[in-house]
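Enquirer: prediction below, plus the sequence it came from.
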Protein chains: 2
Amino acid sequence: METPTARPATLDDVARAAGVSRATASRVLGGYGFASVDARDRVRAAADRLGYVPNITARALVRGAGVRLVVAVSGTDATVLDDPYVDRLVSAAARVCAPHGVGVALEWLPLGAPAGLRRLGDDRSVCGVLLVNTTAPVLDAVPAGLRGRVVSIGTGSPAVPSFDVDNAGGADAVLRHLHAGGRRRIAMVTGPRWLSCAERSVTAYEGLMRAAGLPVRLVTGDFTAARGGRAALEALDRWPDTDAIYAASDATALGAIAALRGRGLRVPHDVAVAGFDDIPYAAVSSPALTTATHPVARIATAAATAVLDGRPVPPVTAFPSTLVARESA
Amino acid sequence: METPTARPATLDDVARAAGVSRATASRVLGGYGFASVDARDRVRAAADRLGYVPNITARALVRGAGVRLVVAVSGTDATVLDDPYVDRLVSAAARVCAPHGVGVALEWLPLGAPAGLRRLGDDRSVCGVLLVNTTAPVLDAVPAGLRGRVVSIGTGSPAVPSFDVDNAGGADAVLRHLHAGGRRRIAMVTGPRWLSCAERSVTAYEGLMRAAGLPVRLVTGDFTAARGGRAALEALDRWPDTDAIYAASDATALGAIAALRGRGLRVPHDVAVAGFDDIPYAAVSSPALTTATHPVARIATAAATAVLDGRPVPPVTAFPSTLVARESA
DNA sequence: CGCACACCTGAGAGCGCTACCACCACAAAC
DNA sequence: GTTTGTGGTGGTAGCGCTCTCAGGTGTGCG
């Protein structure tokens, strides 16, 4: 940490200060090839003294490596980026990427516009892509040049490995809990129907209901609280004897509870409500929300790590979801 | 979008395809200097045909520009990064940075360890820093090389411009609402006391209480729901006649409401509770939370834009906070 | 002694791009 | 005629780094 020069130190500066060539300095600092103990010490001391920080940009250029990881969220419009779920994903990814000198960029990937993905594939500064809210057409549009550098959070495909919570397992756990609590007329407020990974919990719901000889009552939601409230009331209007609502997300569930309360119904006495995600506020809502865990940060961390490592990854990595029984159901 | 070559097109490819020199192609695509209409057309057509995407890395290297924006969150330990507030900040920043080819990295900046900031200043790949949860010592440690590329979210200093919500104004609005509702024995659950920007609402609280001849009742929190619950009970134990709690964050307020309910107290009948932030779940909690807005995304967007633009910025930019009166107070 | 095989080092090419500079053609002004 | 633009163009240096390659020096072995 020498005198504060205007210009940050370069590898050349370090090499000169250590009395070796740039190649040797690079070898020492890069930890590859041979270097005598003496050279090693001198280079390291010089680097330390000058406050040398390798220029990631130059390294990336020569190595042909990328320098940013793009979180691409598909959806019909850019409001998909406003979701707290996306916030957590991006934040966790950014945390993983920081030590590698990689930055995270957040982009909206319009549904049915494969040009965006193609551009990402032709962009050499992109070291990887995290596809969020993927659908099959999006996965089919992944250019060959991107293979191995792209993973999906949610639905996967043979070409694109996926990381996700075990949607079916979580739905299963919640619905069994509802059933064990004596609920029989369970309506489900879904996520957006075009979102293939969200459909897995719908499928699980339908399967379980049919197997138990119970009625299937589906109302479409979009993971938001506002829509959740409207959807819950819609369900009650269509099927007044509904005694439980299974919401595809905690936000939806919280919205449903508020709407039910607004109509004078007691939760869980009149209608039980359960969600999915176990967001921080689920524990402190009134009534405290029964839900299933969704380890978003762990999923994002694993996905980002996979892309950064570049090692082959199993086609599907499902993170278990466990029931959190509280008061609302 | 020609045949999918294994190697993404470079500027050389485009120049060759257009029958001009690399310099001319660069000029056309970069939109600077002279170029004949003919050359312009040919270059643009070639670029389009080859699916050319400029390599940000190479451009950054030659321009001496950075390629990532670091969100540095100070705190005693890395758990500060788990805050939903940080998630929103990072996500909004990443959204702003994406079109510029800049990625966002999230780092923990240990309190009292200026080496981290110094390293950031010596890192040529860093185009800017967003300091979060700043304290005066951290601001004093900002190296000269970083000046003009660093802004603070929260407390500022003469050398580092700041962007923040109008903490005092928000506190003021909430406390006046509490007072207008007849509350007189108002306890405040603060944020972490070392966090200078959070202290501004404490100061506002103290000022207002003193001016109104009301007792000052402070309990320390840390913005989390869990701590908020414990702090609320602590306040009630120390001052049993407390009729309102002003929480420094919505999470704190939600935790307080849950804890109060657990003790058989009714909100707002027995104790009114108000928060600060207006998070999405404030509207759907039971009772719906009275709070003041905190436009986190707008703040982060403005801060990131300021760093990216590199233009001088006023020392303090305060975003107004407005009261959102709901049921809890 | 010759040869192989370590270990160690520096020269230098080149990643893809920008931007400085020299240059050319042509027209207008002196 | 010469000078001075002015629009258009290409050559090329060089950003900071990695890594190949050629060339050392020293040791063990036939």
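Expert: Ah, there it is. Here the structure is a predicted model, which means the values were calculated and not measured.
Enquirer: how far away is A:V20 from A:D12?
Expert: From A:V20 across to A:D12, the span is 11 Å (Cβ to Cβ, to the nearest Å). Just so you know, the C-beta spots here come from the backbone N, C-alpha and C atoms, and that holds for glycine as well.
Enquirer: likewise A:Y281?
Expert: To A:D12, A:Y281 is 53 Å away according to Cβ to Cβ.
Enquirer: pLDDT score for A:T3?
Expert: pLDDT for A:T3: 42.
Enquirer: rewinding a little: neighbour count winner among A:V20 and A:D12?
Expert: Using other Cβ atoms under 10 Å in any protein chain shown as the criterion, A:V20 and A:D12 rank with A:V20 on top: 22 against 11.
Enquirer: do me a favour and average the pLDDT over stretch A:102-121.
Expert: For stretch A:102-121, mean pLDDT is 91.
Enquirer: now do it: distance to the chain's middle.
Expert: Counting by Cα atoms, centre = their mean, to the nearest Å, stretch A:102-121 is centred 16 Å from the centre of its parent chain.
Enquirer: mind listing what the closest residue in space to A:P320 that isn't next to it in sequence touches?
Expert: Nearest residue to A:P320, sequence neighbours excluded (Cβ to Cβ, 6 or more residues apart in numbering or on different chains): A:D166, at 5.4 Å. Contact analysis of A:D166 by Cβ atoms under 8 Å, 6 or more residues apart in numbering or on different chains lists A:A318, A:F319, A:P320, A:S321.
Enquirer: just those residues now: which is nearest B:W108?
Expert: Closest approach to B:W108 among those (Cβ to Cβ): A:F319, at 24.3 Å.
Enquirer: just checking, A:A47 touches A:L29?
Expert: Yes: with contact defined as Cβ atoms under 8 Å, A:A47 reaches A:L29; the gap is 6.3 Å.
Enquirer: list residues touching both of the two?
Expert: With Cβ under 8 Å, 6+ apart, A:A47 and A:L29 have common neighbours A:V14.
Enquirer: these two: who's more crowded?
Expert: Neighbour count, other Cβ under 10 Å: between A:A47 and A:L29, A:A47 has more, with 22 against 18.
Enquirer: separation between that one and DNA strand C?
Expert: Counting by Cβ to the nearest atom of the strand, to the nearest Å, the gap from A:A47 to DNA strand C is 15 Å.
Enquirer: not counting sequence-adjacent ones, nearest residue to that residue?
Expert: A:V14 (4.9 Å).
Enquirer: what helix or strand is the nearest residue to A:A297 once chain neighbours are set aside located in?
Expert: In space, and not counting its chain neighbours, A:A297 is closest to A:A92: 4.3 Å by Cβ to Cβ, 6+ apart. Using DSSP states H and E, the element containing A:A92 is helix A:84-97.
Enquirer: now the element after that helix, going C-ward?
Expert: Of the helices and strands lying after helix A:84-97 in sequence (DSSP H and E), the nearest is strand A:103-110.
Enquirer: what are the ranges of the helices in the stretch 201-329 of chain A?
Expert: Secondary structure of the stretch 201-329 of chain A by DSSP state H, counting those that start in this stretch: the helices cover A:225-238, A:250-262, A:296-309.
Enquirer: so how far is the second one off the chain centroid?
Expert: Spelled out, that is helix A:250-262. For helix A:250-262, the separation from the chain centroid amounts to 24 Å (computed by Cα atoms, centre = their mean).
Enquirer: check stretch A:49-64 too.
Expert: Computed by Cα atoms, centre = their mean, the chain-centroid distance of stretch A:49-64 equals 29 Å.
Enquirer: that older thread, list of residues touching the helix holding A:A92?
Expert: Contacts for helix A:84-97 (Cβ under 8 Å, 6+ apart): A:69, A:71, A:73, A:80, A:103-104, A:106, A:130, A:132, A:153, A:223, A:251, A:277, A:279, A:296-297, A:299-301, A:303-305, A:308, B:71, B:81, B:84, B:86-88, B:90-91, B:94, B:103-106, B:280.
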